[in-house]
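Asker: A structural model of the following input is requested.
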Amino acid sequence: MATSNPVLRYLASWKNLAGCTAGLAGLLLHFAGLAGSYWVLVVIGLYGVGALAAPPERIILVTAPEEEAGQLRAELDALVDRVRGFNVPSEVAPKLAEIAEVLRGMLDRPRELRADPDALHAVTRLVGTDLPLSVQTYLNLPWWYAAARGSGMELVRQLDLLKADAVRVAERFHAADAQRQADHTRYLEDRD
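Answerer: Numbers count the residues shown, from 1 in each chain. Here you go, the predicted structure:
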């Protein structure tokens, strides 16, 4: 059971189930007349022994591919939406939208993305670090300073480099599909 509430998590755990089972055995001992007047302590003690003897919960470090891609996509969409609300050069929003479109093409196929560690790392780096860092660094500058130094053009240049990186990763990622399509075309041509 995946929940963030620790009480609910414990109630559904193997430790609680084993403790309840042992406590129930203690209750049965009481009804059989074997626990005596200290039956409450026997039930509590057996619950504790059962809970301590149960195996610990498994720790799952790997998230589902769909969940991971969904988080990356949400971060990407939030960044694109936030940039629209700020005073940035007119070229920034369209370039950022183009990069986002390339990245969404890979994020829409989470299982294939998970199977390609290089592509997953590149997409995670682009969405989680490179794009936000470029935009945030520009937005941290006062407008008068950014205008005097030409920092807007620097941001546009960074976005061009990041788009080239995203396209390179996407081309590698989609290469197998393109090859499959070319193979199918050859098959159809040879069939006639």
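
Asker: Off-centre distance for stretch 34-47?
Answerer: Using CA atoms, centre = their mean, to the nearest Å, the mean C-alpha position of stretch 34-47 is found 47 Å from that of the whole chain.

Asker: What mean pLDDT does that stretch get?
Answerer: The average pLDDT for stretch 34-47 rounds to 88.

Asker: Just the buried positions in that stretch, please.
Answerer: A35, W39, V42, V43, L46, Y47 (16 or more other CB atoms under 10 Å). Any C-beta I mention is one placed from the backbone N, CA and C, and that applies to glycine too.

Asker: Distance from the chain centre to the lowest-mean-pLDDT helix or strand in the chain, please.
Answerer: Sorting the helices and strands of the chain by mean pLDDT, DSSP states H and E puts helix 143-149 at the bottom, at a mean of 81. Centre-to-centre, helix 143-149 and its host chain are 37 Å apart (CA atoms, centre = their mean).

Asker: elements contacting the longest helix along the chain?
Answerer: Longest helix of the chain, by residue count under DSSP state H: helix 151-191. Packing partners of helix 151-191 (3 or more CB pairs under 8 Å, 6 or more residues apart in numbering; DSSP states H and E): helix 92-107, helix 117-125, helix 131-140.

Asker: angle of the last one against helix 117-125?
Answerer: In this case it means helix 131-140. Helix 131-140 and helix 117-125 are oriented at 20 degrees to each other (axes from the mean of the first three to the mean of the last three CA atoms, to 10 degrees).
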